[in-house]
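> What shape does this take:
(2 chains)
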Amino acid sequence: MSRETDGPAVVGILALQGDVREHAQVLTALGARVREVRAAADLDGLDGLVLPGGESSVIEKLARMLGVAAAVQAAVRGGLPVYGTCAGMILLADRIANPITGQGSFGGLDVTVARNAFGSQVRSFETELSVPQVSADPVHAVFIRAPAVLRVGEGVQVLASVPAARLEDPSLLPDGGFLASSGQVPVAVRQGSLLATSFHPEVTGDWSFHRWFLEWLVLPARGARLSR
Amino acid sequence: MTPSDISQNLNENQSTGKGQPATGTSRVKRGLADMLKGGVIMDVVTADQAKIAEDAGAVAVMALERVPADIRAQGGVARMSDPDLIDGIVEAVSIPVMAKARIGHFVEAQVLEALQVDYIDESEVLSPADYVNHIDKWDLQVPFVCGATNLGEALRRITEGAAMIRSKGEAGTGDVSEAVKHIRTIRGEIAKLSSLSKDELYVAAKELQAPYELVAEVAREGRLPVVLFTAGGVATPADAALMMQLGADGVFVGSGIFKSGNPEARAAAIVKATAQYQDAAAVAEASRGLGEAMVGINVADLPAPHRLADRGW
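Next up, the predicted model:
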């Protein structure tokens, strides 16, 4: 595997539907080599994977039909760093509160998400978030019919949240517990090598999350893999 | 937001002041269209059809009272759908719901916004309400998609605030030839623009009847500043793959699904062919066993007054 010892990290983007082009532009600008993933074989030798924004029910259905879903699940279990935005967050979630009939997810992230938790498109919004672990400056975030994280498991780190009052139905949040009492709903989470955001850094020109994903998840995993 | 902001508004934070959440911004409007890329948007006239479309893998549904083939067959004035029908469809599915307003009918657009549809199509498929002006789309929080037959028309719609463009084709015919003509025209005109020198762009803007800043942006980027879908006459998986290979970002299918013999199978097959448009074996597989396609009308046989693509300017 000498071809991989130097040169840029290779990051795949699941390219079945959604805003693949925008992720490709950001990752390329940050020095990664991008590969569009449409089949299981496209996952071989990747240092990281991005699950883009789009319609989660469509991406999951196509992934299952084309045999990519099982391969992504295996890669996630094998420790491949994965970053999901919006639909990508839903695909990474272990549980979906409101799937369409027959919709599943790849899983890996011990969270429950609600699809389209903030309401219809007229309620879609952009705002600035404080995400100290990822960026010293506020992160500009665009939420488009975005999902929200309703429950998080033990090993999940909440990186950013927004007021729960923005939810279309704040009663979605489970009673009691840390999330409800904080009055906030998580919109960026990390567990091990998995990163997920409800929002779309790829359409804002704010690259802090992609940079953090490459520096803190992709490059260390690549280093570990190449030194084996 | 005014038209003069168009060329800058994706390059800077144009939300209201730092840190204040903002809705209805250009980025939010155009962003939803970005998320639909590579997908199929299906015309539906009932909640049951909407559910079939969602289960088949539509990225969004377009709610309307009659599909274009029926509007064509039955004639009369075609208007915005009944709010009860739209509510029923919004209730039935969790994917985005679009709905059509007549060209220039800004009150139909206000009504659709009040109904919380996710996108409005200011559509030539309905009878125009204003033969001079289109809707001022900057005025509303909900994003708009508009039809275009050429680049100038697309840029004028973007100037008015459209956040997504679809090539028009000829709706309700099942004849893909006009859709091919329009997407080829738009893509060809963009390519030509990119080859012009800076001083030639002023004349190009005059000829396109579009603002210079927008024309210069398209020339520089080599594409529209918004997503470009295609519509009007797509009836088979191969039609959809054809449009994708011609450079469309995604496909609208109107009468082609629910006027065919087996809507469930055809809808799923068109979704599959759109996702795998570069893979001929996959398109072949998707094309098997679908039963009758919609019967269709050759556009060449349509007398000029019945051509919907000529509406809008």
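> what comes into contact with the longest helix seen in chain B?
Across chain B, the longest stretch assigned as helix under DSSP state H is helix B:177-194. Contact partners of helix B:177-194, identified using Cβ atoms under 8 Å, 6 or more residues apart in numbering or on different chains, comprise B:148-152, B:154, B:165, B:167-170, B:201, B:204, B:208, B:215, B:218-220, B:222-224, B:228, B:230-234, B:239, B:242-243, B:246-248, B:299, B:309. For every residue, glycine as well, the C-beta is placed using N, CA and C.
> For PyMOL, what selects the buried ones among those residues?
Buried residues among the contacts of helix B:177-194 (16 or more other Cβ atoms under 10 Å in any protein chain shown), as a PyMOL selection:
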select buried, chain B and resi 148+149+150+151+152+154+165+167+168+169+170+201+204+208+215+218+219+223+224+228+230+231+232+233+234+239+242+243+246+247+248+299+309
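> How about residue B:53, nearest residue that isn't a chain neighbour?
residue B:42 (4.2 Å; Cβ to Cβ, 6 or more residues apart in numbering or on different chains).
> helix or strand right after whichever strand or helix holds the one you found?
Using DSSP states H and E, residue B:42 sits in strand B:40-44. Using DSSP H and E, the helix or strand that follows strand B:40-44 towards the C-terminus is helix B:47-56.
> Now do the buried residues in that following helix.
For helix B:47-56, a neighbour-count test (16+ other Cβ under 10 Å) marks B:47, B:49, B:50, B:51, B:52, B:53, B:54, B:55, B:56 as buried.
> Show me what that helix is packed against.
The contact analysis (3 or more Cβ pairs under 8 Å, 6 or more residues apart in numbering or on different chains; DSSP states H and E) places helix B:47-56 against strand B:40-44, strand B:60-63, helix B:83-92, helix B:263-275.
> Okay, strands next: where are they in chain B?
B:22-23, B:40-44, B:60-63, B:97-102, B:119-123, B:144-148, B:164-167, B:227-230, B:251-253 (DSSP state E).
> Tabulate the ones you listed (TSV), appending distance to residue A:63 and mean pLDDT.
Output for these, formatted as TSV (distance: least, Cβ to Cβ, whole Å; pLDDT from 0 to 100):
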stretch	distance to residue A:63	mean pLDDT
strand B:22-23	31	95
strand B:40-44	16	97
strand B:60-63	19	97
strand B:97-102	24	98
strand B:119-123	25	98
strand B:144-148	27	98
strand B:164-167	25	97
strand B:227-230	22	98
strand B:251-253	20	97
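> residue ranges with poor pLDDT in the chain?
If you meant another chain, say so; for now it's chain A. In the predicted model of chain A, residues A:1-6, A:175-181 satisfy pLDDT under 70.
> looking at chain B here, not the other one
Residue ranges of chain B with pLDDT under 70: B:1-19.
> okay, which residue is most central for it?
residue B:166 (3.4 Å; Cα atoms, centre = their mean).
> hang on, residue A:190 in a strand?
Yes. Checked against DSSP: H, G, I helix; E, B strand; the rest coil, residue A:190 lies within a strand.
> so it bridges to which residues?
Residues in a beta bridge with residue A:190, per DSSP bridges, are residue A:157, residue A:195.
> how about stretch A:209-226 against chain B, any contact?
No. Counting by Cβ under 8 Å from any Cβ of the partner chain, no contacts exist between stretch A:209-226 and chain B, the nearest distance being 15.7 Å.
> residue ranges for the strands of chain A, please.
In chain A, the strands defined using DSSP E lie at A:10-14, A:33-37, A:48-51, A:82-85, A:93-96, A:109-114, A:125-129, A:139-143, A:148-152, A:157-163, A:184-191, A:194-197.
> Output these as a markdown table; include the columns mean neighbour count and distance to residue B:131.
Formatted as a markdown table, those follow (neighbours: other Cβ atoms under 10 Å in any protein chain shown; distance: least, Cβ to Cβ, whole Å):
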| stretch | mean neighbour count | distance to residue B:131 |
| --- | --- | --- |
| strand A:10-14 | 25 | 45 |
| strand A:33-37 | 18 | 45 |
| strand A:48-51 | 26 | 46 |
| strand A:82-85 | 30 | 43 |
| strand A:93-96 | 20 | 47 |
| strand A:109-114 | 24 | 45 |
| strand A:125-129 | 21 | 36 |
| strand A:139-143 | 24 | 37 |
| strand A:148-152 | 22 | 45 |
| strand A:157-163 | 19 | 45 |
| strand A:184-191 | 24 | 46 |
| strand A:194-197 | 29 | 46 |
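> now for these, which one comes closest to residue B:196?
Among those, strand A:33-37 comes nearest to residue B:196, with 30.2 Å by Cβ to Cβ.
> and that closest one, what does it pack onto?
strand A:10-14, helix A:20-29.
> List the contacts of that strand.
A:7-15, A:20, A:23-24, A:27-28, A:42-43, A:46, A:49, A:68.
> try 7 Å
A:8, A:10-15, A:20, A:24, A:27-28, A:42-43, A:46, A:49, A:68 (Cβ atoms under 7 Å, 6 or more residues apart in numbering or on different chains).
> just to revisit the earlier point, just grab the bridge partners of the residue nearest to the centre of chain B for me.
With DSSP bridges as the rule, residue B:166 is bridged to residue B:147, residue B:229.
> Surely it touches residue B:252?
Yes. With contact defined as Cβ atoms under 7 Å, residue B:166 counts as touching residue B:252 (5.7 Å).
> shared neighbours, the two?
Common contacts of residue B:166 and residue B:252 (Cβ under 7 Å, 6+ apart): B:229, B:230, B:231.
> Go through these and name the one nearest chain A.
Closest to chain A out of those is residue B:229 (13.0 Å), distances taken as Cβ to the nearest Cβ.
> give the contact list for the closest one.
Applying Cβ under 7 Å, 6+ apart to residue B:229 gives the contacts B:164, B:166, B:248, B:249, B:250, B:251, B:252.
> Now for the residue nearest to residue B:264 when sequence neighbours are not counted: which residues touch it?
Of all residues beyond its chain neighbours, the one nearest residue B:264 is residue B:52 (5.7 Å), with distances taken as Cβ to Cβ, 6+ apart. Applying Cβ under 7 Å, 6+ apart, we find residue B:52 in contact with B:263, B:264, B:267.
> Against residue B:44, how distant is residue B:52?
Distance from residue B:52 to residue B:44, counting by Cβ to Cβ, to the nearest Å: 8 Å.
> Tell me the buried residues in stretch A:127-138?
For stretch A:127-138, burial by neighbour count (16+ other Cβ under 10 Å) applies to A:127, A:128, A:129, A:131, A:134, A:135.
> Over to that stretch now: how far is its first residue from its last?
Start to finish, the residues bounding stretch A:127-138 are 10 Å apart (Cα to Cα, to the nearest Å).
> neighbouring contacts of it?
Contacts for stretch A:127-138 (Cβ under 7 Å, 6+ apart): A:139, A:140, A:141, A:159, A:160, A:188, A:208, A:209, A:212, B:18, B:19, B:21.
> quick check, nearest of those to residue B:280?
residue A:209 (37.5 Å).
> Residue A:221 and residue A:192 touch, don't they?
No. The criterion here is Cβ under 7 Å, and residue A:221 misses it with residue A:192 at 10.3 Å.
> Can I have the buried ones of the contacts of residue B:52 as a ChimeraX selection?
In ChimeraX, this line selects whichever of those come out buried by 16+ other Cβ under 10 Å:
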select /B:263,267
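> Out of the contacts of residue B:52, which comes closest to chain A?
For the contacts of residue B:52, the nearest to chain A is residue B:267 (11.8 Å; Cβ to the nearest Cβ).
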